[in-house]
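Visitor: Give me the fold of what follows.
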Amino acid sequence: MKAETALITGATGLLGQALVRDLLARGYNVLALVRSEEKGLRLCAEMQSDELVFEVFDYNGNATELYSLKERLAPLEICGLVHSARSMEALDVGNDGVTQGDIFLSGLALEVVFPYQLTMLLAQSSKSLRSVVNVGSMYGIVPPNPSLYDDGFQSSPIQYGVAKAALHQLTKELAVRLATSGVRVNAVAFGGVEGRVSDEFKQRYANFVPSRRMLSVDEIVGPVAFLLSEDSSAVNGHVLVADGGWTVW
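Guide: Model prediction:
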């Protein structure tokens, strides 16, 4: 039986790499969209799998670039699409605590407009696409707790939560609009994930979540794999919350 192909954006990030590794282990062929050839080669060297290939695509909102991507993806039978892309540059906050307009818009472009455009591109050009999973956040559901941060909101920029809330709504909109095409669209709203934070931050975080801990990187793969698979064939337009209980308090 021919292995199915999943396309993932943001494949070189912390979560993206974990998702690539898990999908390969589950028997998928994986196509990673990366921002540079160097990052793609590094990812392939890390994964050491013949089932992983990459395409270089640095999104800038240009319709011509998207058309070029469509031409490159057309021959592939992509059954699943996972949106995990994010930009650290788009999380910048000024010293006054205010996010500049261009930074705000760049975050919305990458985390909302790009998932919309890529999903529609594949839905209209591929007969094999069946499932789309958007990587959301608990901050798309609730705003941050000021007590968690010791630098005001410098570590939790407003544009991040707003973009994730918009991504959650996009998920529901596309689920309705693509349902008759046989494409399901869902999202996972993750809680905080270990990896780039101090032990002190992890201890503070534990005080605000019923599970008393942050998520491990390994815990993010299961919900995405479930929504991508036919095991969730009855699930559409759903934002699955995987946050250790953060949003119930």
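Visitor: Residue 184 contacts residue 131, correct?
Guide: Yes - with contact taken as C-beta atoms under 8 Å, residue 184 and residue 131 are classed as touching, separated by 5.0 Å. Just so you know, the C-beta spots here come from the backbone N, C-alpha and C atoms, and that holds for glycine as well.
Visitor: and for those two, which residues touch both?
Guide: 227, 232 (C-beta atoms under 8 Å, 6 or more residues apart in numbering).
Visitor: how many other residues sit next to residue 120?
Guide: If you count neighbours by other C-beta atoms under 10 Å, residue 120 ends up with 14.
Visitor: Return the residues in contact with it.
Guide: Contacts of residue 120 by C-beta under 8 Å, 6+ apart are residue 174.
Visitor: residues making contact with the lowest-mean-pLDDT helix or strand in the chain?
Guide: Among the secondary structure pieces of the chain, namely its helices and strands, helix 63-73 has the lowest mean (mean pLDDT, DSSP states H and E), a mean of 83. Outside of helix 63-73, the residues that reach it under the criterion C-beta under 8 Å, 6+ apart are 7, 31, 55, 57, 59, 117, 118, 121, 122, 125, 126.
Visitor: Phi first, then psi, for the residue nearest to the spatial centre of the chain.
Guide: Closest residue to the average C-alpha location of the chain: residue 84 at 2.2 Å, with C-alpha atoms, centre = their mean. Note on residue 84: backbone dihedrals following degrees, to the nearest 10 are phi -130, psi 10.
Visitor: ok, it touching residue 19?
Guide: Yes - assessed by C-beta under 8 Å, residue 84 is found in contact with residue 19 at 6.2 Å.
Visitor: joint contacts of these two?
Guide: By the contact definition C-beta under 8 Å, 6+ apart, residue 84 and residue 19 are jointly contacted by 8, 11.
Visitor: how about this structure, which residue sits the furthest from its center?
Guide: Relative to the centre of the chain, and counting by C-alpha atoms, centre = their mean, the farthest-placed residue is residue 96 at 29.0 Å.
Visitor: and that one, that one's in a helix?
Guide: No - with DSSP: H, G, I helix; E, B strand; the rest coil as the criterion, residue 96 is coil rather than part of a helix.
Visitor: how far is stretch 74-89 from where the chain is centred?
Guide: For stretch 74-89, the distance from its own C-alpha centre to the chain's C-alpha centre is 9 Å (C-alpha atoms, centre = their mean, to the nearest Å).
Visitor: likewise stretch 86-93?
Guide: When C-alpha coordinates are averaged (C-alpha atoms, centre = their mean), stretch 86-93 and its chain have centres 15 Å apart.
Visitor: now swap in stretch 150-162 and tell me
Guide: The gap between the average C-alpha position of stretch 150-162 and the chain average comes to 19 Å, counting by C-alpha atoms, centre = their mean.
Visitor: Fine by me, we can end here.
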